[in-house]
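Novice: have a look at this fold, sequence not included:
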């Protein structure tokens with residue numbers, strides 16, 4: 001898949017153990033789909049389809065939310 005500087009082919013495995021983060025300064029326009037976990041501290045303008053989600057105090061979603069497990073933090 002990828003070649004190192006010495007010319008040998010390297011296979012890179014995808015890490016599914018982490019959480020993808022929409023940071024406070026990030027705004028996403030459009031739908032978000034993930035088979036993993038997503039943390040939201042910024043803004044998503046679109047529908048969200050994920051397995052696990054954490055929405056922080058500064059996070060906002062304007063759209064449909066389909067999630068198996070969600071944690072919503074706020075006031």
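Specialist: Thanks, I have the structure now. Owing to the predicted nature of the structure, the values given are computational and were not obtained by experimental measurement. Numbers count the residues shown, from 1 in each chain.
Novice: going by C-alpha atoms from here, please, whenever you check contacts or count neighbours.
Specialist: Will do.
Novice: run through who's touching the helix or strand hosting residue 54.
Specialist: Under the criterion of DSSP states H and E, residue 54 resides in strand 48-55. With contact meaning CA atoms under 8 Å, 6 or more residues apart in numbering, strand 48-55 is reached by 31-41, 63-73.
Novice: mind giving me the ChimeraX select for those, buried ones only?
Specialist: To isolate the buried ones among the contacts of strand 48-55 in ChimeraX, judged by 16 or more other CA atoms under 10 Å, type:
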select :37,38,39,40,41,70
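Novice: tell me which of the contacts of strand 48-55 fall in strands.
Specialist: 32-33, 37-40, 65-72 (DSSP state E).
Novice: and those, which two are furthest apart?
Specialist: 33 and 72 (18.6 Å; CA to CA).
Novice: one step back: dump the ones in strands among the contacts of strand 48-55 to TSV, plus pLDDT.
Specialist: Formatted as TSV, the ones in strands among the contacts of strand 48-55 follow (pLDDT from 0 to 100):
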residue	pLDDT
32	95
33	95
37	94
38	96
39	96
40	97
65	95
66	96
67	95
68	94
69	95
70	95
71	95
72	95
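Novice: of the residues you listed, closest to residue 26?
Specialist: residue 40 (9.4 Å).
Novice: wait, isn't that closest one in contact with residue 60?
Specialist: Yes: counting by CA atoms under 8 Å, residue 40 does reach residue 60; the two are 7.2 Å apart.
Novice: so what's residue 16 scoring on pLDDT?
Specialist: Residue 16 carries a pLDDT value of 58.
Novice: partner strands of the strand holding residue 54, parallel or antiparallel?
Specialist: strand 32-33 (parallel), strand 37-40 (parallel), strand 65-72 (parallel) (DSSP bridges).
Novice: could you point out which element follows the second one?
Specialist: Just to be clear, that refers to strand 37-40. Following strand 37-40 toward the C-terminus (DSSP H and E): strand 43-45.
Novice: tell me the mean pLDDT over that following strand?
Specialist: The pLDDT scores in strand 43-45 average 98.
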